[in-house]
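[1] need a 3D model of the sequence below.
(4 chains)
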4 protein chains.
Amino acid sequence: MVNGKLLERIKKTVAEQAVKDNLEEGMVVGVGSGSTIIYAINMMGQMNRELGGLDIVCIPTSHQSSQLITQNKLKLGSLTEYPELDIVIDGVDEIDSHLNAIKGGGGCLLQEKIVASNTNNFIVVLDYKKRSFNLGTNWKNGVPIEIHPIAFKPLMTKFIQLGGKPTLRQGIKKLGPVITDNGNFIVDVNFGLIENPESLNAKLKAIPGVLETGFFIQMISTAYIGEESGKITIEKKKRN
Amino acid sequence: MVNGKLLERIKKTVAEQAVKDNLEEGMVVGVGSGSTIIYAINMMGQMNRELGGLDIVCIPTSHQSSQLITQNKLKLGSLTEYPELDIVIDGVDEIDSHLNAIKGGGGCLLQEKIVASNTNNFIVVLDYKKRSFNLGTNWKNGVPIEIHPIAFKPLMTKFIQLGGKPTLRQGIKKLGPVITDNGNFIVDVNFGLIENPESLNAKLKAIPGVLETGFFIQMISTAYIGEESGKITIEKKKRN
Amino acid sequence: MVNGKLLERIKKTVAEQAVKDNLEEGMVVGVGSGSTIIYAINMMGQMNRELGGLDIVCIPTSHQSSQLITQNKLKLGSLTEYPELDIVIDGVDEIDSHLNAIKGGGGCLLQEKIVASNTNNFIVVLDYKKRSFNLGTNWKNGVPIEIHPIAFKPLMTKFIQLGGKPTLRQGIKKLGPVITDNGNFIVDVNFGLIENPESLNAKLKAIPGVLETGFFIQMISTAYIGEESGKITIEKKKRN
Amino acid sequence: MVNGKLLERIKKTVAEQAVKDNLEEGMVVGVGSGSTIIYAINMMGQMNRELGGLDIVCIPTSHQSSQLITQNKLKLGSLTEYPELDIVIDGVDEIDSHLNAIKGGGGCLLQEKIVASNTNNFIVVLDYKKRSFNLGTNWKNGVPIEIHPIAFKPLMTKFIQLGGKPTLRQGIKKLGPVITDNGNFIVDVNFGLIENPESLNAKLKAIPGVLETGFFIQMISTAYIGEESGKITIEKKKRN
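    Below you'll find the model as predicted:
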C-alpha cells in the first residue's frame, strides 16, 4: 500500500509522460479536469515557458480546466472554433479491462464527454488504483449521472428500478445539492459490480431527464497507467 | 383546405373534449405547452371557476405552461412533490401511424418529455394536419434537438453525417440563437421522411452534447385528433 | 464558550420560538436556507402533522429549502403565484447593531434576497455568535457576492480596489468553483471591519457582473437571537 | 425620411469608420452585438483576410457576437484571459445628449455591460435615428431589464410603482418568455421620457431580482453617429 505522497508522484509521472509522448506543436488539445490532469496542464505550461510559446490550442472541459489553462498562459479555444481535436487528455475514476471507464467524480462528466467525443485520440492518465477488471470494483461512489433538476425525484425511483442505489450529491461549500458547471444536479448511483456497462448506459440514457452518464464506453484510445512500482503501463484500444 | 379560424375551432374542440373525457377530481395532471394546449388549460380554468375550486394539481412543462396554470388560478405543483402523474395532456407537431411523435417546435421538448415519462396515461391533442403515415411528411421544420451550447459546431457535422440538414434555431426577439428554458440551444434537423424514428432517436441520444431529441417514441397512450369535418378521432396505443 | 451540542440547542430553540410567535394559518411564508432554518422548517412540519394539515404556503429560497419543504409535506408555492409574502423566516451569517446583515455563506443569497424583498415582515433567527457591533467582526469568511462567471477575473481586481480580499469559492464535492442554484459563481470578499455597509453595498451593486451581494440592508424587521444563557432576545427594526 | 436600404448604408459606413479610426494591431477588442455591429465585425474580418492575419483578440458579448467572430476567423478571447480591453465597440438602442444610452433590444445587455465596464475606451456606433435629447424619446420599446425568472411577478408590480409600464418579453421562435444567453428573463419597461436615467437606474438596481438594466450611464467614451446626409458626427465624453 503506497502512501499519499508516493501516489501523487505516480500521478505526476504518468500525466507528464502522456504529455511528452503525445503532444506536438500545432495541435488542438482537449484538456480534462481532475487532480491527475493538473500535472498534465502544468507540464504543458512548463513546456510553454521553456519553448517561449507552445503553438497549441487548449479546449477546456470545465471551469476548473479553463482556469488552469489560463493560469498557465496556454491558448484557450472552444469547440466552436476547433470542432475537431487532435488529442484529448483526461483522467478517469475507474477503468475496466476493455478500457471502458467511469468518470464524473468531480462533476464535469457532461463537458468531458462532449470534448472526448470529438477526437480520434482520447488518452487517459491514471494510477493503478483506478484499474479494475469490472467497473464498480474499486470505485464505490457510484456512477455519476447528470440530471435535469426538475426530474430529480422520479429519477431516484427509476435508478432504483435499474438496480442502483442513488444519492443526490450534496454541496459542502454551498447548501443543498451540488450544481454542475451546466446548472444541473449530479446523482451518484451505486450499481455494485457492473458487468455490462454498455447495456446499462443505454438504458440510463433512454430516460428523459438523464442528460449524461459517467460511462465512457469504447471512447478511450490509450490509457497510461502509473503502476505501484513506478513504471508506466500503456494500454491501447483493440482495433475492430 | 380549412381557414385559420376553422382550424382554431378544431383545436379548441379537441382540447376541450380530451379534458372532459379524462380529467377527474383528485388528479395530478401534467400540462403541456403550445397553441393547442392553451385551450385545454383554459378549459380546466373554466371548470375550476364553475366548480368553485377544482381539486387537481398541475405540473408544468415550460415557463409558458407554468404562467398559464397560474393565470387560471389552478394549483401548481412539481415532480419533486408529485413524481407520478395520473395524466399528462400535451400537443404534438406531428404524429405517425404508430403514435410516435415529433415535438419541440416551441422549444419545450426536454421538460415535456420528462413530464410525459412519468405517467402511464399520456394524452395528446392535435388537429388532423399533424397526422402523417411517416414522421417528416407534414412537419417540414426538422426534428428539434436540444443541445449543450458548447457542442454546437461539432454536432452540426454529426447531424449531417446521420443524414440530416441541421439549422441552429435563431431568436427573433433576441439576437443570436434561441435559448431554451433550460439555457440550451435548439437545432432543427431535417431528416426528410423518417421511416424508423426509434433507431434514429437512439443514434441521436448516443451523441454527447445531445441533451434530448424531439422524438416521443411509444410514449403516447391516446391521441385525440380533430378532423376537418369537426368530428374527433380517438386513437389508442396497441397493447403489447 | 459553549460546545457544539449546546449551540445546536440554542439554534433549535430560537428557530422554533420564531415560528410559534409568528406563524398563523392562511399565511404565505418565505422559507430561508441554512442550518438554523432547518429547525424552523421541521417545526412547521411538526405543526402540519399535529394539526392534520397546516393551511400555509411555503416559498423556498433555494433547492435545499425546496426539498426540505417537500420532505415535510408542506405546500410549496412560488413568487409567481404568491408575489406578496406575509412573513419570511431566514438565518444570517452575521448581524450588526442596526439589524443589517451578511448572508450567503451557504451560497443562496440571490434567491434569499429576492424572497425577503417581498414581505414587510422579514424575521431572522440566529445564535448570539452571529451578532456583532459592526459587520466583519465575527464573520471572517468575507461578504459573499454572486457574480456572472464571465466577469470573474476583472471583478477580482475591482473588489481589491474597493479594499477587499476576494476569494473565488471552490467546490469540494465538485471540481472548480462552486456553482450557485442560479448557475453563477460566488466570490467571498473580506473587507475587514465594515462601518458603512450601505455605502459599500451600493458601490458593489453598481459594478456590472455583480448580480447580488450578501448585504441585507434595512430589510430585517425582527431578529430572534438565541443567547448563551438559553434566553431569547428579540430586536425589532426602529421605525423611521 | 430615409428608406431601409439607405439606413443600412449609413449603419455600415459608421461602423466601418469606427473600426478604421480605432482598431490597432495588438489590441484586445470587446465586440458588441446587434445589427449595426455586424458591419464592424465583418470589417475586422476583411482586414484580417487582407492583412493575412490581424493581431487582435476579440472578446464577445453574446452567443451571436461569439459566432460572428468565429465565422470571420478572428481570434476569440475571454475576460478571464484578458481582463482589460483596449477598446469596446458596440451599438445602442438610443443615446441622449449626455452620451447615456439604452441598450438591450437584442437581449444581450448583461454581457454587453460587463464587457463595456472593462475598458476606458467604449465606442458606440449608431445611426441618427437613435439619438435623442432625452432617453425614451425615440426608443419606445421600454428599457430592457434582465431579471431572475423567479422574481418575475413581484417585479412587474415594482416596475409599475417606479412609474413604468412593464412587458415580459415573449419569444417568437420559442413558446413563453424570451430566455437570455444567461438563462434569465427580459422585462421591457416603458418609463416614457426619462429625464434622470442615473437616478432611475440606481433605483432599479437596488431591487433584488434585477440582475442588470439596459441603462449605460457615463460609460460611453465616443459615439459615432451616421447622419441622414451620409456624414459622420463624432461625439466625445466630456472630461470631468
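[2] burial count for the closest residue to residue A:195 other than its chain neighbours?
    Leaving aside its chain neighbours, residue A:195 sits nearest to residue A:134 (5.9 Å; criterion: C-beta to C-beta, 6 or more residues apart in numbering or on different chains). C-beta: built from backbone N, CA, C; applies to glycine. Using other C-beta atoms under 10 Å in any protein chain shown, residue A:134 is surrounded by 17 other residues.
[3] with residue A:196 instead?
    Neighbour number of residue A:196 under other C-beta under 10 Å is 11.
[4] do the same with the one 10 residues further on
    A count of nearby residues for residue A:206, using other C-beta under 10 Å, gives 13.
[5] quick one: residues contacting it.
    Residue A:206 makes contact with B:202, B:205, according to C-beta atoms under 8 Å, 6 or more residues apart in numbering or on different chains.
[6] report pLDDT for it.
    For residue A:206, the pLDDT comes out at 93.
[7] kindly report the same for residue A:240.
    pLDDT, read off for residue A:240, is 57.
[8] any buried residues in the longest helix seen in chain A, and which?
    With DSSP state H setting the assignment, residue counts place helix A:4-22 as the longest helix in chain A. Neighbour counts over helix A:4-22 (16 or more other C-beta atoms under 10 Å in any protein chain shown) mark A:7, A:10-19, A:22 as buried.
[9] of the residues you listed, which is the nearest to chain D?
    residue A:19 (21.4 Å; C-beta to the nearest C-beta).
[10] may I have the phi/psi pair for the residue of chain A positioned farthest from its centre?
    Residue farthest from the centre of chain A, counting by C-alpha atoms, centre = their mean, is residue A:52 at 29.6 Å. As for residue A:52, its main-chain torsions (degrees, to the nearest 10) stand at phi 60, psi 40.
[11] with residue A:31 instead?
    Main-chain torsions, residue A:31, degrees, to the nearest 10: phi -120, psi 120.
[12] and stretch A:102-120, is it in reach of chain C?
    Yes - Stretch A:102-120 reaches chain C (C-beta under 8 Å from any C-beta of the partner chain) through A:106-108.
[13] which among those gets closest to chain B?
    residue A:108 (12.0 Å).
[14] got a list of what residue A:22 touches?
    Shown in contact with residue A:22 (C-beta under 8 Å, 6+ apart): A:87, A:89, A:121, A:123, A:222.
[15] apply 10 Å and report the result again.
    Going by C-beta atoms under 10 Å, 6 or more residues apart in numbering or on different chains, residue A:22 touches A:29, A:40, A:86-87, A:89, A:121, A:123, A:221-222, A:224.
[16] quick check: bridge partners of residue A:127?
    Taking DSSP bridges as the rule, residue A:127 bridges to residue A:226.
[17] next: residue A:31.
    Listed beta-bridge partners, residue A:31: residue A:60, residue A:89 (assigned using DSSP bridges).
[18] I'd say it and residue A:89 touch.
    Yes - the pair residue A:31 / residue A:89 is scored as a contact, 6.4 Å apart, by C-beta atoms under 10 Å.
[19] quick one: low-confidence residue ranges for chain A.
    Applying pLDDT under 70 to chain A flags the ranges A:1-2, A:239-240.
[20] what ranges does it have for its helices?
    For chain A, applying DSSP H gives helices covering A:4-22, A:35-50, A:63-71, A:109-116, A:152-161, A:197-205.
[21] the fourth one relative to helix B:152-161, how many degrees between them?
    This points to helix A:109-116. On the basis of axes from the mean of the first three to the mean of the last three C-alpha atoms, to 10 degrees, helix A:109-116 is oriented at 60 degrees to helix B:152-161.
[22] do helix A:109-116 and chain B meet at all?
    Yes - Helix A:109-116 reaches chain B (C-beta under 10 Å from any C-beta of the partner chain) through A:109-116.
[23] then the fifth one?
    Yes - contact of helix A:152-161 with chain B (C-beta under 10 Å from any C-beta) involves A:152-158.
[24] of the residues you listed, closest to residue D:94?
    Relative to residue D:94, the closest of the residues of helix A:152-161 next to chain B is residue A:152; by C-beta to C-beta it sits at 44.2 Å.
[25] was I right about residue A:233 contacting residue A:131?
    Yes - counting by C-beta under 10 Å, residue A:131 is a contact partner of residue A:233 at 8.6 Å.
[26] so who does the closest residue to residue A:236 other than its chain neighbours touch?
    Of all residues not flanking residue A:236 in the chain, residue A:222 sits nearest, at 5.2 Å (C-beta to C-beta, 6+ apart). For residue A:222, the contact set (C-beta under 10 Å, 6+ apart) comprises A:18, A:21-22, A:87, A:89, A:99, A:121-125, A:234-237.
[27] now the buried members of these.
    A:18, A:22, A:87, A:89, A:99, A:121-125, A:235.
[28] care to break chain A down by domain?
    A:4-133+A:218-229, A:143-212 (automatic domain parsing).
[29] which parts of chain A sit against chain D?
    Counting by C-beta under 10 Å from any C-beta, chain A comes close to chain D at A:63, A:66-67, A:69-71, A:73-78, A:80-82, A:183.
[30] in PyMOL, select just the buried ones from these.
    Per 16+ other C-beta under 10 Å, the buried members of those correspond to this PyMOL selection:
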select buried, chain A and resi 63+66+67+69+70+74+75+76+77+78+80+81+82+183
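[31] check the residues of chain A next to chain D against chain B and report the nearest one.
    The closest of the residues of chain A next to chain D, once distances to chain B are taken by C-beta to the nearest C-beta, is residue A:80, at 4.6 Å.
[32] that closest one touches residue B:185, doesn't it?
    No - applying C-beta under 10 Å as the test, residue A:80 and residue B:185 come out as separate, 11.2 Å apart.
[33] mutual contacts of those two, please.
    With C-beta under 10 Å, 6+ apart, residue A:80 and residue B:185 have common neighbours B:149-152, D:63.
[34] and those residues near chain A, which?
    B:149-152, D:63.
[35] compare those residues and tell me which is most surrounded.
    residue B:151 (28 neighbours).
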